[in-house]
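Novice: Sequence plus the predicted model coming up.
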Amino acid sequence: MTSLLLSLALVAPAQTPPAGVLPVGADRKPLNLDFEAGSLKDWTAEGDAFRDQPIKGDTVAARRGDMKSQHQGQFWIGSYEKHGDKPQGMLTSAPFKITHPWASFLIGGGKSEETRVELVLPGGGEVIFRASGLDDEKMQRVAVDLTRFKGFELTIRIVDRHSGGWGHVNFDDFRFHAEKPTFPVRPSAVLKPDEYKFAGLTPEKAAAAMTVPEGFTVNLFAGEPDVHQPVGFCLDDRGRLWVAEAYTYPKRHAHAGPVLPDAQKHLGDRILILEDTDGDGKFDKKTVFIEGLNLVSGIEVGFG
């Protein structure tokens with residue numbers, strides 16, 4: 001009996017849709033925005049991420065015991081479930097008119113900006129709402145205030161442009177609501193990119209923007225393009241700057257040795273020596289100490 005009950009649980013709907021209606025297409029018939037047609041009818045797929053979709057039943061619970069898909073009905077979209085995280089692509093709905101002040105949909109999967117759901121005004125391509133998962137297979141419902149867009153046309157884009165861990169998106173059941181829907185508040189629905197106050201400054205301007213204790217000053221000794229991808233540096237007793245440049249990270253080069261063959265040295269990491277010979281505070285002599293290294297992670301001088 002236990003086995004039978006478990007089998008039934010895996011295919012049963014995980015959520016009952018809240019009060020609301022599916023948008024309708026040009027023929028005034030409800031669009032397949034809940035995938036209950038068992039196909040991608042009313043959607044256009046690009047790339048391989050959504051090949052062989054939609055998913056039927058809770059395949060999440062079947063492969064891992066700590067999560068469930070929490071889909072609505074029988075079918076849903078999960079770009080990991082058929083072919084894993086590697087494929088990328090986009091799924092775009094047919095356009096439809098915004099007829100209600102509120103909408104909601106289910107979303108899960110990766111929290112990267114590259115795995116997201118967008119609501120787009122077709123005319124100029126303006127994105128009016130964007131959300132991602134929370135690195136959790138469990139889909140949760142988010143609400144969208146469409147009051148000021150009522151009467152506009154809208155399309156839904158399900159975007160998967162990430163092939164690493166959690167490089168997928170889960171989606172289901174877009175519907176309209178006459179009033180703001182009530183359901184548990186999701187921890188974070190809208191992506192807000194990190195802000196870096198001094199991002200994009202040139203080396204000279206970055207040095208000028210630094211704050212240091214009273215009595216100290218900052219001078220630029222070396223910067224791009226004279227050094228690339230530095231991961232560590234140190235000074236020797238002659239005042240020379242030794243810099244480790246990492247080009248192979250994050251994947252070790254196929255050659256097994258610590259130093260690559262001469263023909264492949266340009267593909268490896270290297271160590272530079274930068275020297276100020278005239279004492280003006282900027283390097284004027286650059287020497288490649290060694291090149292063709294594999295996954296350099298730091299540097300220190302020693303033993304004379």
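Specialist: Structure's in. What do you need?

Novice: Tell me how many other residues crowd residue 25.
Specialist: 17 (other CB atoms under 10 Å). Bear in mind the C-beta positions are built from the backbone N, C-alpha and C, glycine included.

Novice: Quick check, pLDDT for it.
Specialist: Note for residue 25: predicted pLDDT of 94.

Novice: And residue 124, how far from residue 32?
Specialist: For residue 124, the distance to residue 32 equals 26 Å [CB to CB, to the nearest Å].

Novice: For these two, work out which one has more neighbours and name it.
Specialist: residue 32 (20 against 6).

Novice: Touching, the more buried one and residue 42? I think so.
Specialist: Yes - applying CB atoms under 8 Å as the test, residue 32 and residue 42 come out as touching, 4.3 Å apart.

Novice: Only the buried residues of stretch 273-281, if you could.
Specialist: 273-274, 276 (16 or more other CB atoms under 10 Å).

Novice: Next: stretch 128-135.
Specialist: So stretch 128-135, judged by 16+ other CB under 10 Å, has buried residues 128-134.

Novice: which among these gets closest to residue 176?
Specialist: residue 129 (13.8 Å; CB to CB).

Novice: so that closest one sits in a strand?
Specialist: Yes - residue state for residue 129 (DSSP: H, G, I helix; E, B strand; the rest coil) corresponds to a strand.

Novice: in the sheet, who's paired with the residue lying closest to it once chain neighbours are set aside?
Specialist: Spatial nearest neighbour of residue 129, chain neighbours left out: residue 119 (4.2 Å); criterion: CB to CB, 6 or more residues apart in numbering. Residue 119 has these beta-bridge partners by DSSP bridges: residue 129, residue 156.

Novice: For residue 119, give its distance to residue 243.
Specialist: Residue 119 is 47 Å from residue 243, by CB to CB.

Novice: At which residues are the helices of the stretch 151-300 of the chain located?
Specialist: 203-209 (DSSP state H, counting those that start in this stretch).

Novice: Let me have the buried residues of stretch 128-135 in JSON lines, adding pLDDT and distance to residue 178 as columns.
Specialist: Listed next are the buried residues of stretch 128-135 as JSON lines, based on pLDDT from 0 to 100; distance: CB to CB, whole Å:
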{"residue": "128", "pLDDT": "93", "distance to residue 178": "19"}
{"residue": "129", "pLDDT": "94", "distance to residue 178": "19"}
{"residue": "130", "pLDDT": "94", "distance to residue 178": "24"}
{"residue": "131", "pLDDT": "94", "distance to residue 178": "22"}
{"residue": "132", "pLDDT": "94", "distance to residue 178": "27"}
{"residue": "133", "pLDDT": "94", "distance to residue 178": "27"}
{"residue": "134", "pLDDT": "93", "distance to residue 178": "28"}
